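Enquirer: need a 3D model of the sequence below.
(chains A and B)
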Protein chains: 2
Amino acid sequence: MDQRGILIVVSGFAGTGKGTIMKRLLQSYADSYALSVSMTTRAPRPGEQEGVEYFFTDRRAFEEKIADGGLIEYASYCGNYYGTPREYVERQMEAGKDVILEIEVQGALQVKKKFPGTVLMFVMPPSARTLYDRIRGRGTETDEVIGARMRRAVEECEYIPRYDYILVNDDLEACVEQMHHIIQSEKMSTARNAAFIEEIARELRAL
Amino acid sequence: MDQRGILIVVSGFAGTGKGTIMKRLLQSYADSYALSVSMTTRAPRPGEQEGVEYFFTDRRAFEEKIADGGLIEYASYCGNYYGTPREYVERQMEAGKDVILEIEVQGALQVKKKFPGTVLMFVMPPSARTLYDRIRGRGTETDEVIGARMRRAVEECEYIPRYDYILVNDDLEACVEQMHHIIQSEKMSTARNAAFIEEIARELRAL
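Expert: Now for the predicted structure:
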């Protein structure tokens, strides 16, 4: 069986608990998965650590990275760049780890285009109302911010059919297990096991 | 989420333990899955029961069934017909059960063509040598029969890349769980959840 890791992209509406799911998945299956850390030109917020939340860099270094092909995907928001450094991802995959990129929809499609074997998952709430209530329930966002998030979610819906799987975050533990099972199932696809199938055929002929 | 069951085809070389895997899967998840029973014109063997191993019928009735479109797939071997009656499969799917067809490669491709949403799985041994040893180990087959099975396995290898997944039957329990996880993961594909995605989008716009 192929020992090289695969690439997984996880996206989802803000407020669906992606971060918590990823954290739990990585805790439960530390030997199987590696979470890619994005690079950004945005300034670190209090408490954010280099190499944990992001790799922080400046505009010029980021643009050099783009020019060198050192990023798997990148996008610009609110005047800042965000991207996925290629080197870490490739190193982890070579080591047999499945690498998870938690990125937004445009980046996800860039990755799928470059690496068609990437598995795209989109985390959804059980209902739109649940999402709304979760965001409101935090009590930290203004009505304006909540409105903007809901509009952004509507836009993102257009992209979901281009993902491979949805994950409904109703129960955290169930959702984490489901993500694990989807990844493990994908690793059993015939497309990812062409060498193994060929090897069995060769052995059978030789018997 | 879509409550209708999906169609699953399981094939595999003779001697890979498909029957045992299916039996165990059905025992563990009786509420989720239904196993389709094939119809045949072959005579019942001692101990075989109508509606358990097969539905037994005669040539004329079988050919009428073909003409009426009452079979999802059929094939002829050694002068006998074997086929999958449509009615049972559709009734179980309507009832929300995922229906498993344990059929050979030609039938599998017929089903996939008629129902492109079908999930095709192929059960493989961990190595060709394991398969050979298992078949020999039974001590019930002549060298000639063993040779014929191995040649048949070589032919079947050509079809495996047209399946969706392989299942390696190294450890029975692990293999049963993996089959379950593949089916459950498939049910989370975006293609199978278009209505749910659309519903969330509509609800979000209405908030």
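Enquirer: partner residues bridging the closest residue to residue A:164 other than its chain neighbours?
Expert: Distances taken as CB to CB, 6 or more residues apart in numbering or on different chains put residue A:120 closest to residue A:164, at 4.9 Å, once the chain neighbours are dropped. From N, CA and C alone the C-beta is placed, and that goes for glycine too. Beta-bridge partners for residue A:120, by DSSP bridges, are residue A:9.
Enquirer: who's residue A:168 bridged to?
Expert: Applying DSSP bridges, one finds that residue A:168 bridges with residue A:124.
Enquirer: tell me the confidence at it?
Expert: Reported pLDDT at residue A:168 in the predicted model: 96.
Enquirer: next up, the contacts around it.
Expert: Shown in contact with residue A:168 (CB atoms under 8 Å, 6 or more residues apart in numbering or on different chains): A:124-126, A:175, B:1, B:188.
Enquirer: apply 10 Å and report the result again.
Expert: Residues counted as contacts of residue A:168 (CB atoms under 10 Å, 6 or more residues apart in numbering or on different chains) are A:16, A:122-127, A:130, A:174-175, A:178, B:1, B:188, B:193, B:196, B:200.
Enquirer: what does residue A:15 give?
Expert: Going by CB under 10 Å, 6+ apart, residue A:15 touches A:125, A:130-138, A:141, A:146, A:149-150, A:153, A:169.
Enquirer: return the set of buried residues in stretch A:180-198.
Expert: Neighbour-count burial for stretch A:180-198, counted by 16 or more other CB atoms under 10 Å in any protein chain shown, picks out A:180-190, A:192-193, A:196-197.
Enquirer: could you pick out which of those are near chain B?
Expert: Residues of the buried residues of stretch A:180-198 in contact with chain B (CB under 10 Å from any CB of the partner chain): A:180-190, A:192-193, A:196-197.
Enquirer: ok, those residues vs residue B:55, which is closest?
Expert: residue A:190 (31.2 Å; CB to CB).
Enquirer: contacting residues around the closest one?
Expert: Contact analysis of residue A:190 by CB under 10 Å, 6+ apart lists A:196-197, B:120-122, B:160-166.
Enquirer: over to residue A:41?
Expert: Residue A:41 is in contact with A:54, A:56-63, A:76, A:79-83, counting by CB under 10 Å, 6+ apart.
Enquirer: quick check: closest non-adjacent residue to residue A:159.
Expert: Sequence neighbours aside, residue A:105 is the residue nearest to residue A:159 in space, at 4.2 Å (criterion: CB to CB, 6+ apart).
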